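**Q** my questions are about this predicted structure, shown below with the sequence.
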Amino acid sequence: MMDLLIPDKLHDESRQGEALLLEPISDKNNGRKLYIESYGCAMNFSDSEIVASILLEKGFETTSDYTVADVIFINTCSIRENAETRVRNRLKEFTIAKVKNPGLVVGVLGCMAERLKSKFLEEEKLVDVVVGPDAYRDLPNLIEQVDSGQRAVNVLLSREETYADISPVRLNSNGINAFVSIMRGCDNMCSFCVVPFTRGRERSRDPQSIVKECTDLFNQGYKEVTLLGQNVDSYKWRKPHPALSKGEGSKKSEVEVLSFGEDLGEANEPVVNFANLLEMVAQVSPELRVRFSTSHPKDITDEVLYTIKKHDNICNYIHLPIQSGNSRVLELMNRTYDRDWYIDRIDAIRRIIPGCAISTDVITGFCSETEDEHKDTLSMMDYVHYDFAYMFMYSERPGTLAAKRYADDIPDAVKRQRLKEIVAKQQEHSFLRLQAQVGTTQKVLIEGFSKKSNNDYCGRSDQNAMVVFPVGENYKPGQYVNVFIERSTTATLIGRVV
Ligand code: SAM
Ligand code: SF4
């Protein structure tokens, strides 16, 4: 896998395998220590916060040292083969800890657990418990089961679970940016993708609980939320069935929700769609920046674009994965849009939100992709001039439509060569996009010291570019400053506060 520039931290290479640490709840402490590390996308890191929240309530405390832990959890990713290999290798490193402490519970959570189910227990003797992404509420019971000498599995997928009522503890947080999960699962069946199998059917979370979480975050001092979903544009929350909304509390929330969506039409149409939700979150405070990911080209509407345009605090940045620039390949991928449709959406973004940054995902060497079809992806990149991109070689995943229907027939060397060409083009475009901002003034939310020096702060512009500038007495992390951009490197803007 090769990722270029990870400005929005959706898949942050530097966070892979990161362990979570939080304050214990003193009156509940059961004396047991939990070590939990996470792999994959932001959704997994966000899920680990939910897991930690559930176990904290049961009296666990966290540790960043697995050698002193009573429970080790590894929250896994299945998206490409190398993500799974990484987890298998990591598990081997826990063997000595288990020999030293036979009572140690080792659990595998997340997508790989869901994909392999009880097979995991057969393949990895070290593992005691396997838990899928919709079964985290069952973790305390499953740990008890292991304590009583059994191995445990819960990989049931749910059509309802959104963990809406669990307020995730924020871990390893800078206290400024937070991820907020707005939906789970995915109903698209992109032929290359394992997500619908590991995360189940798409379901949206109650908008009131999302707005409450964002409001709580803002009140705690957070200045930026990123709304997360596999396809945020298909977010929809329907008015609860009257039989479900008899209680006082639900009546109130229904009225508030309706004020945003009552004109949407027929009774069975969505009451709150993604544009409405964005607006609700934007109204928490003009001081709270709102980002979101991932948008899907087939579903992103002009209504969403106009909502972004309307609110200064909704960032002008859209992650719109193309995957391939060729219509035949897109059809094989079952992406349900073609090249022209995608271009139409790009044109709409450029027309409605001029200057909006756009990033993408690209897969090279998908089944039967020809050289000319690969060139179509390059020409699409030339058309859009993406600000950033995540670029991958196709990795066949067992059980997916592509694995069943098509031969993975592009040799690795060809996939790699195509990836190299795509990465080179993206580097060119990223640099051009940054260069175009030299001489402008950008509003930056300060996140902390820059990676290289404590004499500099770093933060992101509205368009998600990383900006570095000298530390000053009059501003600190969590504040917005206007930075005049003096120059750029290939990945960063450099300037001074004005
Ligand atoms: N839901 C998002 C969407 O539709 O764009 C993407 C979710 S997926 C976690 C992130 C990215 O991983 C995809 O956009 C795709 O580029 C890449 N990906 C997924 N399956 C892959 C595979 N089998 N091989 C290579 N890359 C893959
Ligand atoms: Fe996977 Fe497609 Fe769903 Fe994205 S939209 S998670 S690529 S199936």
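**A** Great, that's in hand. Residues are numbered from 1 along each chain as shown. Ligands and ions are numbered 1, 2, ... in the order given.

**Q** count the neighbours of Val155 for me.
**A** Neighbourhood size, Val155 [other CB atoms under 10 Å]: 18. Where you see a C-beta, it was placed from the backbone N, CA and C, and this is true even at glycine.

**Q** what about it, distance to Leu20?
**A** Per CB to CB, to the nearest Å, Val155 is found 22 Å from Leu20.

**Q** next secondary structure after the longest helix seen in the chain?
**A** Across the chain, the longest stretch assigned as helix under DSSP state H is helix 412-435. Sequence-wise, the next helix or strand downstream of helix 412-435 (DSSP states H and E) is strand 441-449.

**Q** residue numbers of the stretch 151-300 of the chain in contact with ligand 2?
**A** Cys186, Asn188, Cys190, Cys193, Val195, Pro196, Gln230, Asn231, His296 (CB under 6 Å from any ligand atom).

**Q** just the ones of these in helices?
**A** Mapping those onto helices (DSSP H) picks out Val195, Pro196.

**Q** now, the most widely separated pair of the residues of the stretch 151-300 of the chain next to ligand 2?
**A** Of all pairs drawn from those, the one with the longest distance (CB to CB) is Pro196 and His296, at 13.3 Å.

**Q** okay, and the common contacts of these two?
**A** Counting by CB atoms under 8 Å, 6 or more residues apart in numbering, the shared contacts of Pro196 and His296 are Asn188.

**Q** so which residues on the chain come close to ligand 1?
**A** 41, 79-80, 192-193, 195, 230-231, 294, 296, 321, 323, 361, 363, 392, 394-395, 397.

**Q** any idea of the pLDDT on the residue nearest to Ser234 when sequence neighbours are not counted?
**A** Using CB to CB, 6 or more residues apart in numbering and skipping the chain neighbours, the partner closest in space to Ser234 is Asp299 (5.0 Å). Per-residue confidence at Asp299 stands at 97 (pLDDT).

**Q** who's in contact with the nearest residue to Lys451 once chain neighbours are set aside?
**A** Of all residues not flanking Lys451 in the chain, Cys458 sits nearest, at 7.2 Å (CB to CB, 6+ apart). Neighbour list for Cys458: Ile446, Glu447, Gly448, Phe449, Ser450, Lys451, Met466, Val467, Val468, Phe469, Thr492 [criterion: CB under 8 Å, 6+ apart].

**Q** so Cys458, which of the three states?
**A** strand (DSSP: H, G, I helix; E, B strand; the rest coil).

**Q** what's the first helix or strand after the helix or strand of the chain with the lowest mean pLDDT?
**A** When each helix and strand of the chain is scored by mean pLDDT, DSSP states H and E, strand 2-4 comes last, with a mean of 35. Going down the chain from strand 2-4, the next helix or strand is strand 18-19, by DSSP H and E.

**Q** Three-state assignment for the closest residue to ligand 1 within the stretch 201-350 of the chain, please.
**A** Minimum separation of the stretch 201-350 of the chain from ligand 1 (CB to the nearest ligand atom) falls at Pro321, amounting to 3.4 Å. Here Pro321 is recorded as coil under three-state DSSP.

**Q** excluding residues flanking it in the chain, which one is nearest it?
**A** Spatially, and ignoring its direct neighbours in sequence, Pro321 is nearest to Asp361 (3.7 Å; CB to CB, 6+ apart).

**Q** give me every residue that touches that neighbour.
**A** Neighbours of Asp361 in contact, by CB under 8 Å, 6+ apart: His319, Pro321, Ile322, Gln323, Ala389, Tyr390, Met391, Phe392.

**Q** please report phi then psi for Ala407.
**A** The phi/psi pair for Ala407 (degrees, to the nearest 10) reads phi -80, psi 140.

**Q** per-residue confidence at it?
**A** We have a pLDDT of 98 for Ala407.

**Q** number of nearby residues for Ser78?
**A** Ser78 has 26 neighbours, counted by other CB under 10 Å.

**Q** so what's it up against?
**A** Contact analysis of Ser78 by CB under 8 Å, 6+ apart lists Glu84, Gly110, Cys111, Met112, Glu114, Arg115, Val194, Thr198, Arg397.

**Q** could you tell me how many residues sit around Leu121?
**A** Leu121 has 18 neighbours, counted by other CB under 10 Å.

**Q** same check on His429?
**A** For His429, the neighbour count with other CB under 10 Å is 17.

**Q** and the residue lying closest to it once chain neighbours are set aside, what does it touch?
**A** Nearest residue to His429 in three dimensions, chain neighbours excluded: His385, at 5.0 Å (CB to CB, 6+ apart). For His385, the contact set (CB under 8 Å, 6+ apart) comprises His429, Leu432, Arg433.

**Q** what's the closest of those to ligand 1?
**A** Using CB to the nearest ligand atom, His429 comes nearest to ligand 1 of the contacts of His385, at 17.5 Å.

**Q** now the closest one: how far from ligand 2?
**A** Separation of His429 from ligand 2 (CB to the nearest ligand atom, to the nearest Å): 23 Å.

**Q** pretty sure that residue contacts Tyr386?
**A** Yes - if you go by CB atoms under 8 Å, His429 and Tyr386 touch, sitting 5.8 Å apart.

**Q** that older thread, farthest pair within the contacts of Asp361?
**A** His319 and Phe392 (14.5 Å).

**Q** for the chain, which spans come out with low pLDDT?
**A** The chain contains residues with pLDDT under 70 at 1-12, 14, 21-28, 171-172, 239-270.

**Q** 50 instead, please
**A** Within the chain, the set of residues satisfying pLDDT under 50 comprises 1-9, 244-265.

**Q** for beta bridges, what are the partners of the closest residue to ligand 1 within the stretch 351-498 of the chain?
**A** Closest residue of the stretch 351-498 of the chain to ligand 1, CB to the nearest ligand atom: Asp361 (3.4 Å). Counting by DSSP bridges, Asp361 forms beta bridges with Tyr390.

**Q** now Ile485
**A** When assigned by DSSP bridges, Ile485 has beta-bridge partners Gly495.
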